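> need a 3D model of the sequence below.
(one chain, ligands or ions: 1)
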Amino acid sequence: MPNQYAYLGPAGTFSEAALRTLLPEAPVGTMVPCIGVDAVFTAVREGRVDGGVVPLENSVEGGVTATIAELINGAPVMITAEVAVPVEFTLFAREGVALADIKRVATHPHALAQCRDWLAANLPDAETYSVSSTAAAAQAVAEPGSQYDAAVSARIGGERYGLHAVAEGVGDHSAAATRFIYVERPGPPPAPTGADRTSFVAFISDDHPGALIELLNQFAMRGVNLTRLESRPTGGGLGKYCFCIDAEGHVEEARVGEALMGMRRIGTEVRFLGSYPRADGDTSPTPLRPPRRTSNDDFHEAERWLTRIRSGDVS
Ligand SMILES: O=C(O)C(=O)Cc1ccccc1
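Presented below is the predicted three-dimensional model:
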């Protein structure tokens, strides 16, 4: 059987577009729509697919709660790829329905958050409804006797379900982009490319003043730049938070590996989520101020020096 890839469906979502960008050569019939982020994770964990694509964060709305909850609390998976997709929203309705007729609009919560101003200005009396994806909204609008008058979705979503575009470009932020991740069952991470990202969740078990600074310092002192830091409740009670962190670099790199070890040594519990190529492919080093000796070569040189003095070579 050819490889199978899950995505947040039904057909016509931004997640499908992300999967097609990641795997442009995937044969027809290998992409499996799953209704709900949780269903994508379940398909991956149960081995029904090789991997799956889900949205992780948006440049306007931030983290996608359902995805983050799975990464924190669900059975372990690993991120092996990412892709950033520009998102453009269209308002779709059944043929013959005009803007003035629209009273009930369905879409994904992240789409709603990014079209709020447009909807308030153009459909001030319409009620909005959150559904599992933008394409699920389009599909529901297309059903005879639908409870919704319109859907905010991707162009491919509305067209797929035979709807007509009432208004295009209904997003409030023209440069909005969403970052999607490809998750697989745990295994060795893809080889370093020189432009990678490492994701993990940190749980501070011994809470004390400065605990988060100590954690962050493991990265700062080794010159590792962080690209995302999000605190999320662990589910273990009020005030119990964990930290979802993305860092530049690969676990195979000395400075990233040492920062992860450093966290462990200070008593932070770490759920490693993977090292994978960065979608932007940016290899330019993050400027360090003040300049520090934190390149990978510097780490290896220091390691060789330690080995030498341990062996008595102090020449
Ligand atoms: O619902 C979709 O199409 C998705 O893939 C999730 C989503 C929703 C809004 C913006 C980006 C991704």
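
> quick one: low-confidence residue ranges for the stretch 201-315 of the chain.
284-291 (pLDDT under 70).

> just the strands in it please.
Taking DSSP state E, counting those that start in this stretch as the test, the strands found in the stretch 201-315 of the chain are 226-233, 241-248, 268-277.

> helices or strands next to the first one in the packing?
Identification of packing neighbours for strand 226-233 by 3 or more Cβ pairs under 8 Å, 6 or more residues apart in numbering; DSSP states H and E yields strand 62-63, helix 65-73, helix 211-220, strand 241-248. Heads up, the C-betas are built off the backbone N, CA and C, glycines and all.

> other SSEs contacting the first one?
If you count contacts as 3+ Cβ pairs under 8 Å, 6+ apart, strand 62-63 packs onto strand 226-233.

> what residues does the stretch 1-150 of the chain have near the ligand?
Counting by Cβ under 6 Å from any ligand atom, the stretch 1-150 of the chain comes close to the ligand at 8, 13-15, 55, 58, 87, 108, 110-111, 133-135.

> redo that, cut-off 5 Å
Proximity of the stretch 1-150 of the chain to the ligand (Cβ under 5 Å from any ligand atom) is limited to residues 8, 13, 14, 15, 55, 87, 108, 110, 111, 133, 134.

> just to revisit the earlier point, which stretch among the strands of the stretch 201-315 of the chain comes nearest the ligand?
Closest approach to the ligand among the strands of the stretch 201-315 of the chain (Cβ to the nearest ligand atom): strand 226-233, 16.6 Å.

> neighbours of the closest residue to residue 142 other than its chain neighbours, how many?
Excluding its sequence neighbours, the residue lying closest to residue 142 (Cβ to Cβ, 6 or more residues apart in numbering) is residue 161, at 3.9 Å. Residues near residue 161, counting by other Cβ atoms under 10 Å, number 22.

> any idea how far the ligand is from residue 161?
13 Å (Cβ to the nearest ligand atom, to the nearest Å).

> contacting residues for that residue?
Neighbour list for residue 161: 12, 92, 135, 138, 139, 141, 142 [criterion: Cβ atoms under 8 Å, 6 or more residues apart in numbering].

> show me the helices in the stretch 101-250 of the chain, by range?
109-122, 134-142, 155-160, 211-220 (DSSP state H, counting those that start in this stretch).

> if you compare the ones you listed, which one is most tucked away?
helix 134-142 (a mean of 26; mean count of other Cβ atoms under 10 Å).

> okay, the angle between it and helix 109-122?
60 degrees (axes from the mean of the first three to the mean of the last three Cα atoms, to 10 degrees).

> helix 134-142 packs against which elements?
strand 90-93, strand 104-107, strand 150-153, helix 155-160.

> now for these, which one comes closest to residue 49?
helix 155-160 (21.1 Å; Cβ to Cβ).

> so what touches that closest one?
11-13, 16-17, 88, 90, 92, 134-135, 137-138, 151, 164-165, 168.

> kindly recompute the last result at 10 Å.
Helix 155-160 is contacted from outside by 10-14, 16-17, 20, 88-93, 107, 111, 133-139, 141-142, 150-154, 163-166, 168, using Cβ atoms under 10 Å, 6 or more residues apart in numbering.

> what sits against residue 89?
By Cβ under 10 Å, 6+ apart, the neighbours of residue 89 are 14, 107-108, 111-112, 114-115, 118, 134, 151-155, 157-158, 167-172, 176.

> hang on, residue 149 packs against residue 125?
No. With contacts counted by Cβ atoms under 10 Å, residue 149 stays clear of residue 125, the gap being 11.7 Å.

> look at the two and report which has more neighbours.
residue 149 (19 against 6).

> now do the contacts for the nearest residue to the more buried one once chain neighbours are set aside.
In space, and not counting its chain neighbours, residue 149 is closest to residue 102: 4.5 Å by Cβ to Cβ, 6+ apart. By Cβ under 10 Å, 6+ apart, the contact list for residue 102 reads 91, 93, 119, 122, 123, 125, 126, 148, 149, 150, 166, 167.

> if I look at the second one, how far off is the ligand?
As defined by Cβ to the nearest ligand atom, residue 93 lies at a distance of 18 Å from the ligand.

> what sits against that residue?
If you count contacts by Cβ under 10 Å, 6+ apart, then residue 93 has 99, 101-102, 105, 138, 141-142, 146, 148-151, 158, 163-167 around it.

> now it. Nearest residue, chain neighbours left out?
Residue 93's closest residue in space is residue 150 (Cβ to Cβ, 6+ apart), at 4.3 Å.

> pretty sure that neighbour is touching residue 127, no?
No. Using Cβ under 10 Å as the test, residue 150 is too far from residue 127 to be in contact (11.0 Å).

> these two: which is more packed in?
residue 150 (30 against 11).

> in the stretch 201-315 of the chain, which residue sits nearest the ligand?
Proximity of the stretch 201-315 of the chain to the ligand (Cβ to the nearest ligand atom) peaks at residue 279, 14.7 Å away.
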